[in-house]
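**Q** Coordinates only, no sequence provided:
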């Protein structure tokens, strides 16, 4: 590869930016031009993202070069929109926004490759999906695409502490969170909006209700989602439907065995299992919230938009233990 | 107290027996006469229940004295029935069985004090409920008692590793379980039978379906259960219903704030919260699986059956952190 | 017991105050008169110490009654001295201070019962020891009392996150601390001063150096300390020395088997093992940092100073799993 | 790269084999020819190494092709020697043995690149070091190479549960291990032999004693080692010594900031910090026990022996959270 794409990260001190750096530093087709942070400008990136100690020597910068090939916006919800208003990013610069700001607009393509790969490949403005939204959609897209989402869907999904960000909170204090569980935002998590929008895009008929109960788990990484709904469809039909839908998607795999969370931790994979239990279809969907649920998917979107092989830089060693 | 009740434990090497010993050793009205174990006979009880090291010096014994005042059966599912067939326990000996063997029979009183306190107080044969069954029933009893269980109930409950017992299994290997989650026995957990039996006892009308998804969590102790159902009842009605139902039950408390698991760990308490979220009632119920879900409740039953104050020996210091 | 001692807690919102409340609420000889907190005054105590939800209904108060029988000072290091300067506590009120402020003075008795029981029993001013200091001293007192601390002692002790207090810090963020380890304050932890003072009190000869490496562990509770030194003394001599020293101390036990941390978690116990490994004596000492290392010991001191049985209210159910 | 090296794994069902597969599947210069396992022959590799589900479809085999370019022996301690006795491996086949069997012999080169890189590059028989041995040696090699190991070294090292292997044991039961700590094999861990041999190779003078206390930690991955010794050398001298020694070693980095374990988890890196604390040098050394402590280092050795770039296939995304 003769020429590498140049990449800049805006809002480089948070968790998703850290994951981006961890991926991009070894990505064969890109070069990390700068990592922007107002709060940390001048300090070594490895002072915040400490796994980089010893072999990564860039400093955070307050200066931004808008002429890079790719910009990742990691400043957090609400800040991408204002940053873009204040900075004139050239139209040909690829922008991948990791916040919620543009997920429900038509200005940006919603960056879920399993839903929108073709549109992503020809877009310069991509809104990266939310983590819960990714896990849940990947559990439902094939049904929606077949117009078979007919009954209320019951969704429980448990997230790791990194989903709550880097800023310490009472519910991310180790003494509290260790060995603990709790529910939050029952039936009204903000990701329901983007989920509903995607499903409506695929299924012409009215959608059923989605009853979604999010939980805080006592682990740092990952989302474990279980979904079920009543259906007359057979297990064989359902499994074929899912296999076919994901046949050409390299990161989402329909598996036969009961999934557990650590199968996907530290990878960009999603494992989906669908079985019939009595008259219900049960779907288990597991992802790493910081990778397929955030920065890994952002790189996947970048790869697609740049015309690179989708898996470039994303062949990550799983952690599992 | 002049005379203490004598107590024997059958099957003393497992987790539930360990918890019984931890409670009974400080219980002011009983005296632990023997801890039976065929496999560990002759060894110090503290060699298995290692927290007892230094200040508890009884040995396991293969000999059994059937003339104690109270016998706890902790040998495990399927073994209580055969043990009772082989041993002629006097009718006046109080037997509290911690296995599943007698939970669905009429020979034993089902030992959930919030359901059956009066019957327990006059019984000599008590079947101690299952852990999931306890958490879930305590979330539903008031509704059933009011005949208001009309719509399908969606139940998601996560258990700690001690629920799987002392025998090592692949899913209790630390390397696997740490930071992990998985579903098991979806919609068909064996505790559904005892739950259904209790609810039918309270509610004359037909019961709705209970959709119960059990999960393995990455903590050692506790059950976190969330339950919801559609209802027209108001939040105020529901909260009053629950407050009234549990008003005279000293270990089950209806709370206003969003519960988390560690509020009850290492106690005999159950915290229940009921709120209205749109047209659904959401109930959170948390217990310690080894205490209110097993050995603590067994002692509570003993207290009731012996005519002691219900809380005797069960005023346990919570762990919380 | 006809009349109960009245107790007040100053600085009631932190971890050590929470543990005190959990113990004192069930303590048969005392009555909790007030829990003071400037920052939380007017709020329910259970809003901060959330395990109390459902069955403990006192509010925090800004008002203080100096005429109670016992005052526990939990405001934190540096604040006890100023609080006592501003409040005229009657000489007959028993004051147990959980901060570092008076541990090195002669105004207060150093409240380590295994060192100072007689003095504690006749004192009204007690400085409760530090958590590391307790674990380490209990590993060394018998040697010092015999004048046998002759060679440098190598100490490695790992503490849970509750040792760092309730205020969130980067090193108590769950995402950071989970599955992690780190060293801090190598060879210069502030508890070395109180340890050295106690040892010098027991051993007339010069003390050897104490090389103490503290670590942050990825658990919430407990201190696991290992200590070793070269010695010519035999294992039999050492074990007898330790057995004899602790024979009359009800919470510190010399054990034969290799201790693990969870044997003592949620108890006021200390387990000490001493063995000879080649020409070194190896000592393992484990405690719960919030109980024997803080609030449990504070109650033990109170019991002694009030002339109560030392174990009153401290027969706590171990957690172990 | 036109032609890939062929690789076989003997004893493919354990943890170290799993890690090898995770690395080698993405390694650009090798092709995985077979994964041998007698116990699992015929089953999918992903049935044991479950993170491979969905995108890795090889089965375990009982058949072995001795003519591959590289053989990794992962059958466990004691089994490599007998396997090699029963199988005539061609002299030109590169054998990397992950057991202890050949670490103390002259038939194999000891595969610690920071000690033996040149010898590894020209060898066909490599004995991969132990995990504790790697962490500890990397903390001491520069001192030994300078002949400055003069005083007793005090070593504490804490290992994750994966160090104890896949076979369940009482000390790897989640209920036991979670939030727990314990010491094992004090001062006599078997890795002391290989450590001593390497240090003696570098330092002509007599070596001081190494007092090594290994601990079991409550995390799955990683080794956190602290080492200290008295010395007159200045901090500046020591840091320069370490910087110089590791200047050309791409995976071992001398860092200025206090290391924590998760900086290296899921990487092949070792971070070493050396500081002067009073008259002691304190060294912190952290590795991932399954990577730099086992399978990552095995691949590093393979790369060197095949004349590949040392980092090939080992640019792994750190986990850190």
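**A** Received it, and whenever you're ready, just let me know what you need. As the structure is a computational prediction, the values presented were derived from the model and not from experiment.
**Q** quick one: the closest residue in space to residue A:264 that isn't next to it in sequence and residue A:222, what's the gap?
**A** Spatially, and ignoring its direct neighbours in sequence, residue A:264 is nearest to residue A:286 (5.1 Å; C-beta to C-beta, 6 or more residues apart in numbering or on different chains). Glycine gets a C-beta too; all of them are placed from N, C-alpha and C. Distance, residue A:286 to residue A:222, using C-beta to C-beta, to the nearest Å: 7 Å.
**Q** Spell out which residues are contacts of both of these two.
**A** Shared contacts of residue A:286 and residue A:222 (C-beta atoms under 8 Å, 6 or more residues apart in numbering or on different chains): A:261, A:264.
**Q** So for the two, which sits in the more crowded spot?
**A** More neighbours surround residue A:222 than the other of residue A:286 and residue A:222, with 32 against 29 (other C-beta atoms under 10 Å in any protein chain shown).
**Q** Surely residue A:141 and residue A:244 touch.
**A** No: here residue A:141 does not reach residue A:244: they are 11.7 Å apart, not a contact under C-beta atoms under 8 Å.
**Q** Compare those two and say which one has the larger neighbour count.
**A** residue A:141 (25 against 13).
**Q** Near chain B, which residues of the stretch 51-200 of chain A are found?
**A** For the stretch 51-200 of chain A, the residues in contact with chain B (C-beta under 8 Å from any C-beta of the partner chain) are A:154, A:156, A:158, A:160, A:175-176, A:178-184, A:186-188.
**Q** rerun at 6 Å
**A** Taking C-beta under 6 Å from any C-beta of the partner chain as the criterion, the stretch 51-200 of chain A approaches chain B at residues A:154, A:156, A:175, A:179, A:180, A:181, A:182, A:183, A:186, A:187.
**Q** Would you confirm that the last one contacts residue B:277?
**A** So the one you mean is residue A:187. Yes: applying C-beta atoms under 6 Å as the test, residue A:187 and residue B:277 come out as touching, 4.8 Å apart.
**Q** Of all residues in the stretch 51-200 of chain A, which one is closest to chain C?
**A** residue A:168 (3.5 Å; C-beta to the nearest C-beta).
**Q** ok, and the closest non-adjacent residue to that residue?
**A** residue C:168 (3.5 Å).
**Q** Which pLDDT value goes with the residue of chain A positioned farthest from its centre?
**A** In chain A, the residue that sits farthest from the middle, by C-alpha atoms, centre = their mean, is residue A:278; the gap is 32.0 Å. Looking at residue A:278, its pLDDT is 96.
**Q** gap between the nearest residue to it once chain neighbours are set aside and residue B:77?
**A** Of all residues not flanking residue A:278 in the chain, residue B:187 sits nearest, at 6.1 Å (C-beta to C-beta, 6+ apart). Look at residue B:187 and residue B:77: by C-beta to C-beta, they are 20 Å apart.
**Q** Neighbour count: those two, which is higher?
**A** Neighbours were counted for residue B:187 and for residue B:77 using other C-beta under 10 Å; residue B:187 has more, 18 against 13.
**Q** in what helix or strand does that one lie?
**A** Following DSSP states H and E, there is no helix or strand that holds residue B:187.
**Q** Next, count neighbours for the residue nearest to residue A:168.
**A** Neighbours of residue C:168 (other C-beta under 10 Å): 19.
**Q** just residue A:294 next, same as before
**A** Residue A:294: 25 surrounding residues under other C-beta under 10 Å.
**Q** which residues touch it?
**A** A:16, A:131 (C-beta atoms under 6 Å, 6 or more residues apart in numbering or on different chains).
**Q** pLDDT value on it, please?
**A** The predicted local confidence for residue A:294 is 98.
**Q** would you list every one of the helices in the stretch 101-250 of chain A?
**A** Counting by DSSP state H, counting those that start in this stretch, one finds helices in the stretch 101-250 of chain A at the ranges A:113-121, A:131-145, A:174-177, A:191-202, A:235-246.
**Q** now those in a markdown table, with mean pLDDT and distance to chain C?
**A** Listed next are the helices of the stretch 101-250 of chain A as a markdown table, based on pLDDT from 0 to 100; distance: least, C-beta to the nearest C-beta, whole Å:
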| stretch | mean pLDDT | distance to chain C |
| --- | --- | --- |
| helix A:113-121 | 98 | 27 |
| helix A:131-145 | 98 | 14 |
| helix A:174-177 | 98 | 4 |
| helix A:191-202 | 97 | 20 |
| helix A:235-246 | 98 | 30 |
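**Q** Out of those helices, which one sits most buried?
**A** Of these, the one with the most neighbours on average (mean count of other C-beta atoms under 10 Å in any protein chain shown) is helix A:174-177, at a mean of 28.
**Q** helices or strands next to that helix in the packing?
**A** On a contact count with 3 or more C-beta pairs under 6 Å, 6 or more residues apart in numbering or on different chains; DSSP states H and E, helix A:174-177 meets helix C:174-177.
**Q** Mind listing residues that contact the helix it packs on?
**A** Under the criterion C-beta under 6 Å, 6+ apart, residues A:161, A:162, A:172, A:174, A:177, A:220, C:161, C:218, D:321 lie in contact with helix C:174-177.
**Q** again with stretch A:228-245
**A** With C-beta under 6 Å, 6+ apart as the contact definition, stretch A:228-245 has outside contacts at A:142, A:146, A:151, A:153, A:154, A:254, A:274, A:276, A:279, A:280, A:281, A:282.
**Q** Please repeat the previous calculation with a cut-off of 7 Å.
**A** Contact with stretch A:228-245 is made by A:141-142, A:145-146, A:148, A:151-154, A:254, A:272, A:274-276, A:279-283, as judged by C-beta atoms under 7 Å, 6 or more residues apart in numbering or on different chains.
**Q** Please narrow the residues you listed to those residing in strands.
**A** Using DSSP state E, A:153, A:154, A:254, A:272, A:274, A:275, A:276, A:280, A:281, A:282, A:283 are the members of the contacts of stretch A:228-245 that sit in strands.
**Q** For stretch A:251-265, which residues meet the burial criterion?
**A** By neighbour count on 16 or more other C-beta atoms under 10 Å in any protein chain shown, the buried set for stretch A:251-265 is A:251, A:252, A:253, A:254, A:255, A:259, A:260, A:261, A:262, A:263, A:264, A:265.
**Q** about what we covered before: what subset of the residues of the stretch 51-200 of chain A next to chain B is buried?
**A** Judged by 16+ other C-beta under 10 Å, buried ones among those: A:154, A:156, A:175, A:179, A:180, A:181, A:182, A:183, A:186, A:187.
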